[in-house]
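>>> mind folding the following:
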Amino acid sequence: ALLGGILLLFRRTHRGPTVGTIGIGALMVLSCALWVRNTFGAVTISAMGVIIAICGWKLKARAVGYLFSFLAATTSFNAVMSIKDLFAPGECYVNGEPRYSDAHTVAELWGMTYAFWA
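Reported below is the predicted structural model:
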């Protein structure tokens, strides 16, 4: 939610939406190269990142502003809607199989507590 709020602040600047949209696309491609492990995810997220970056580069300023606002708001809403799952103290169940939240996984890999990463 914090990142979404910061992104929403930059939508009011002159170059913020263009730079932000291209940056989001580039970060999607970079994160895909670093962390995505399956072919479907790699192809899909890379393609989405490239499309978002191209939209940030080629669209008119007004359209880029709307796209950037949508991406920023979606980032904030996603954090708010999944807060219960992120702060769950133990296992969650997906299709009957026990799973830990992303916050738990990041805490195991990088340290700190799951509450910090949530």
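>>> just the C-alphas of stretch 99-106, formatted as CSV.
In CSV, the C-alpha atoms belonging to stretch 99-106 read as follows (Å, rounded to 0.1, in the frame of the first residue of the first chain):
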residue,chain,number,x,y,z
ARG,A,99,0.8,-22.9,1.9
TYR,A,100,2.5,-20.0,3.5
SER,A,101,2.0,-16.4,2.4
ASP,A,102,4.4,-14.4,0.3
ALA,A,103,5.4,-12.5,3.4
HIS,A,104,6.4,-15.7,5.1
THR,A,105,8.4,-16.8,2.1
VAL,A,106,10.3,-13.5,1.8
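>>> quick one: buried residues of it?
Using 16 or more other CB atoms under 10 Å as the burial criterion, the residues of stretch 99-106 that qualify are 101, 103-104. Quick note: C-beta positions are derived from backbone N, CA and C, even for glycine.
>>> again, but for stretch 68-79
Burial within stretch 68-79, assessed by neighbour count using 16+ other CB under 10 Å, is assigned to 68-69, 71-72, 75-76, 79.
>>> same deal with stretch 39-59?
Taking 16+ other CB under 10 Å as the criterion, stretch 39-59 shows 45-46, 49, 52-53, 55-56, 59 as buried.
>>> just the closest of those to Met112, please.
Ile45 (25.3 Å; CB to CB).
>>> in what helix or strand does that closest one lie?
helix 39-58 (DSSP states H and E).
>>> continuing past that helix, what's the next helix or strand?
Downstream of helix 39-58, the first helix or strand assigned by DSSP H and E is helix 61-81.
>>> next, the angle from that next one to helix 39-58.
For helix 61-81 against helix 39-58, the angle by axes from the mean of the first three to the mean of the last three CA atoms, to 10 degrees is 140 degrees.
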